[in-house]
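Visitor: Quick one, structure for this:
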Amino acid sequence: MTGLLERIFLRPLPSLQIVQIAVGLTVVTAAYCLAYTAFSGNMATLQEAFFWPIFNILPWFLCFEFGKRIAGWPRRLTAILMVLVGMAALDSLVANPLSLPAGDLLFQMTRRIPGAALVGALFVLTEIAKHYALGKGPASGALVEPDDLPLVASQILWVSAAGNYVELHGPEKPVLHRAPISAVERKLADQGFVRIHRSVLVSRRAVEKVVNDLVILKCGQQFKVGNRYRSALA
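Guide: The predicted structure follows:
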């Protein structure tokens with residue numbers, strides 16, 4: 001899988017990049033609206049031109065980006081439904097500030113079904129991209145080039161060293177990331193992760209209990225604590 005596809009479908013974008021893309025989408029779409037309406041002979045106002053992408057495009061972009069940060073289809077479908085209903089309700093209230101007509105709300109929801117379907121299709125492509133990477137990458141993991149971690153901290157339960165790589169373990173299949181475990185430890189130092197072995201890093205929120213020198217995670221995974229890491233775990 002190319003780095004570009006990984007960034008689009010697998011990696012959550014940094015906050016600054018999300019803002020840059022959102023601004024770019026808004027400006028480009030607004031310019032298109034102005035040009036299109038000008039040629040049609042009924043030119044839109046500047047406010048109308050910017051209103052359309054803000055209410056019809058940006059929410060779906062943010063929904064897809066949020067979906068990359070959560071695992072499981074129920075949560076993703078819930079996010080799509082919430083965005084669809086929220087956008088429809090907001091659009092209806094803007095058109096009718098004193099009321100929320102059921103018929104108009106239903107219409108607004110219906111016309112946003114294509115956008116919801118597109119985001120759902122992108123999530124499907126995300127899963128396909130993951131499986132493609134899992135088939136191509138070594139050690140049956142999705143191979144991701146060095147830089148930012150391909151998963152956010154809340155998605156990671158534990159990290160295990162794998163030669164020149166680390167395996168990031170979450171609710172789904174492990175993601176293979178090209179970086180030493182010491183570098184990943186530094187990145188996650190302020191995210192509640194603790195080193196319990198020279199080759200294992202765990203999230204404190206994923207720990208069920210500690211029995212003697214054994215760490216038991218909520219998912220059932222168990223690790224033996226290395227002698228030099230006992231104090232850090234305590």
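Visitor: Pass me the low-pLDDT residue ranges in this structure, would you?
Guide: 1-11, 71, 95-101, 129-147, 233-234 (pLDDT under 70).
Visitor: domains in this structure, as residue ranges please.
Guide: 3-131, 138-233 (automatic domain parsing).
Visitor: Turn those into a markdown table, columns for mean neighbour count.
Guide: Using the backbone N, CA and C atoms, a C-beta is placed for each residue, glycine as well. What follows is these, written out as a markdown table (neighbours: other Cβ atoms under 10 Å):
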| stretch | mean neighbour count |
| --- | --- |
| domain 3-131 | 15 |
| domain 138-233 | 16 |
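Visitor: Helix or strand next in line after the helix ranked longest in the chain, which one?
Guide: Longest helix of the chain, by residue count under DSSP state H: helix 15-40. The helix or strand immediately downstream of helix 15-40 is helix 46-56, counting by DSSP states H and E.
Visitor: Specify the angle between the very next helix or strand once past that next one and helix 15-40 in degrees.
Guide: Next along the chain after helix 46-56, taking DSSP H and E as the criterion, comes helix 58-67. Orientation check (axes from the mean of the first three to the mean of the last three Cα atoms, to 10 degrees): helix 58-67 against helix 15-40 gives 150 degrees.
Visitor: Which strands or helices does the next helix or strand after helix 58-67 pack on?
Guide: Sequence order places helix 73-95 as the next helix or strand after helix 58-67, per DSSP H and E. Applying 3 or more Cβ pairs under 8 Å, 6 or more residues apart in numbering; DSSP states H and E, we find helix 73-95 packed against helix 46-56, helix 58-67, helix 102-110, helix 113-136.
Visitor: Adding distance to Cys219, write those helices out as JSON lines.
Guide: Below are the helices and strands packed on helix 73-95 laid out as JSON lines (distance: least, Cβ to Cβ, whole Å):
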{"stretch": "helix 46-56", "distance to Cys219": "40"}
{"stretch": "helix 58-67", "distance to Cys219": "22"}
{"stretch": "helix 102-110", "distance to Cys219": "38"}
{"stretch": "helix 113-136", "distance to Cys219": "19"}
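Visitor: Which of these sits closest to Ile181?
Guide: Among the helices and strands packed on helix 73-95, the nearest to Ile181 by Cβ to Cβ is helix 113-136 (20.6 Å).
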